[in-house]
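Peer 1: sequence below, structure please.
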Amino acid sequence: MGRLWAVLALCAVVTAQEPPKPSEDGEGQKRILALIEEITTLAASEPPILGIDTQLDAAEVVRERYAALARRFVEDAISRAQPLADPPTRSRFLLRSIRVLATLDLNAAEQAVLLYAGQNGGAEFLKDGWQQVLNVALQKSSWEEQTAAMRRALAAGAFAVFEHRTLLERARDKHRDEVGSLFASILQGFPAKPDEADIRFLVRLVRLAGETDIALTRQALETALKAVKDHQFGKRENVKLRYEIAGKNQDMKSVREALLFQIAAAAKVVGPDLFDTYQKDLGHWLKQVESLEWKDVADMREQDLGESGKKKDDEEDTTDLDVFGENRSLAAAIDYARAQKTPLRKFAALMEVLDRDDLPLPRKMALAQEAIDVSIKVKPGDERLIGQAMLTRMLHELGDLPRAGVAAQLLAESYRLVCRCEDASCDSIKGRDECAENVQAFAEYLRDNKIDPQSIGLHHRSLEVRLKILDLQELLGKN
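Peer 2: Numbers count the residues shown, from 1 in each chain. Presented below is the predicted three-dimensional model:
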């Protein structure tokens, strides 16, 4: 009760500054505040990686109406994220917190980036944090504020940030007289000890800046060439890449070779004298680049051949299932589904049969039970979760609440097996990347299909709090 009074007291201050919509009556306001209190309490009781996610979701929902409450949700999320032992987990939640904070107070978000960078991976966190801040700034700030924020990011050491490129594109299209000064600021921010991402980013910016400032472009090319020659790429030396340029493919044997090719293409277009100066390093590419224009260089596309076409070993392909076939009868489709050799393929095929319009209700009920039984033999994962969710909805729509309840309980168990996130020990996203997203998706699924989890005996703390957030969204008129 003490927490509720604290929330009510805070809201009394907030609503003086942020009055409710005219259509929102006193009862509606009370319901909103009660929901916020319930969400606050439930989020605090969730395992860390789910509770922090809930707090940030809630902050995003209320930020436009109750900025002070949103700020409190963000601060609570940060206070839970900071002690997390796993660096990737801690960084992920701190970065998301910074993004939400940026929508409330850009200056506070910038300070948070600087504060937490030293504790969370240094340069990489700094770059990612500024990317969150600048992404928000590009949506809500003036052009002058955007460019000032970009220069602060560069001064802090955040070089390879995509939003720098976005600002340079905007300058080229709408503020052409500022392209040179922006490009100069970016070039000045190039690190003394660049990594591969920094070098690649600079080369891309050279391609983008093009002919707008030849002197700066030449300086950037020379900087990039020296960086490529000096940098040790390690394991990346042998990564193969392909470039599509002017309608032709150019295959590269390494990242170093790929970067030199891009520099050669840009240098040749900037001026033959620059290309000739570095003949020893770039002459190999003369034939490939001699007829290029700036548009060809700017539109160059890259494909990483070392990573394309690979398939995870633990994935099982069900794309070749042919349950319906050409004019396949219902009986043949059922026989086909039952003949599948693995639980996943059998489950997928049965779900296809259950979707048929010519399936009589009694047969549908029997096959649904068959699908329920097979589903528990499927390896825990997305396919099992999605299939059991569909079974739950179908049985609920048919009015078979007992079977719907069984399917729902199996779904909850599948979620438990996939996420293994029940208590305070669940403090790492490793192996649980999509746990919160899965709960959110199922909450939306239940709401869209008008299924009350209580009616099928489904009790899950994280599901309950996400349904309450959906209620809050509805009351606040947010979609």
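
Peer 1: who's in contact with Val353?
Peer 2: 323, 330, 333-334, 337, 359, 367 (CB atoms under 8 Å, 6 or more residues apart in numbering). Using the backbone N, CA and C atoms, a C-beta is placed for each residue, glycine as well.

Peer 1: 6 Å instead?
Peer 2: 333-334, 337 (CB atoms under 6 Å, 6 or more residues apart in numbering).

Peer 1: and it, what element?
Peer 2: helix 343-354 (DSSP states H and E).

Peer 1: I'd assumed Val161 was in contact with Gly189.
Peer 2: No. Look at Gly189 against Val161 with CB atoms under 6 Å: they stay out of range, at 9.7 Å.

Peer 1: list the buried ones in the helix holding Val353?
Peer 2: By neighbour count on 16 or more other CB atoms under 10 Å, the buried set for helix 343-354 is 343-354.

Peer 1: tabulate the residues you listed (a markdown table), appending distance to Arg96 and pLDDT.
Peer 2: Shown next, in a markdown table, are these (distance: CB to CB, whole Å; pLDDT from 0 to 100):
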| residue | distance to Arg96 | pLDDT |
| --- | --- | --- |
| Pro343 | 36 | 92 |
| Leu344 | 33 | 91 |
| Arg345 | 37 | 91 |
| Lys346 | 39 | 92 |
| Phe347 | 34 | 92 |
| Ala348 | 34 | 91 |
| Ala349 | 39 | 90 |
| Leu350 | 39 | 92 |
| Met351 | 34 | 91 |
| Glu352 | 38 | 90 |
| Val353 | 41 | 91 |
| Leu354 | 38 | 92 |
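
Peer 1: Arg301 pairs with what?
Peer 2: Note on Arg301: beta-bridge partners by DSSP bridges are Glu244.

Peer 1: picking up where we left off before, just the ones in helices from the contacts of Val353, please.
Peer 2: 333-334, 337 (DSSP state H).

Peer 1: those residues, buried ones only, as a ChimeraX selection?
Peer 2: Buried members of the ones in helices among the contacts of Val353, defined by 16+ other CB under 10 Å, are picked up in ChimeraX with:
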select :333,334,337
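
Peer 1: between the ones in helices among the contacts of Val353, which is nearest Phe73?
Peer 2: Ala337 (46.9 Å; CB to CB).

Peer 1: who touches the closest one in this structure?
Peer 2: Ala337 touches 349-350, 353, counting by CB under 6 Å, 6+ apart.

Peer 1: distance-wise, check it relative to Lys379.
Peer 2: To Lys379, Ala337 is 18 Å away according to CB to CB, to the nearest Å.

Peer 1: quick one: low-confidence ranges for the chain?
Peer 2: Within the chain, the stretches with pLDDT under 70 are 1-25, 209-212, 235-237, 306-327, 478-479.

Peer 1: and Val289, how many residues sit next to it?
Peer 2: 23 (other CB atoms under 10 Å).

Peer 1: my bad, should have said Tyr66
Peer 2: 25.

Peer 1: and for Ile214?
Peer 2: Ile214, neighbours per other CB under 10 Å, totals 13.

Peer 1: wait, what's in contact with it?
Peer 2: Counting by CB under 6 Å, 6+ apart, Ile214 has no contacts.
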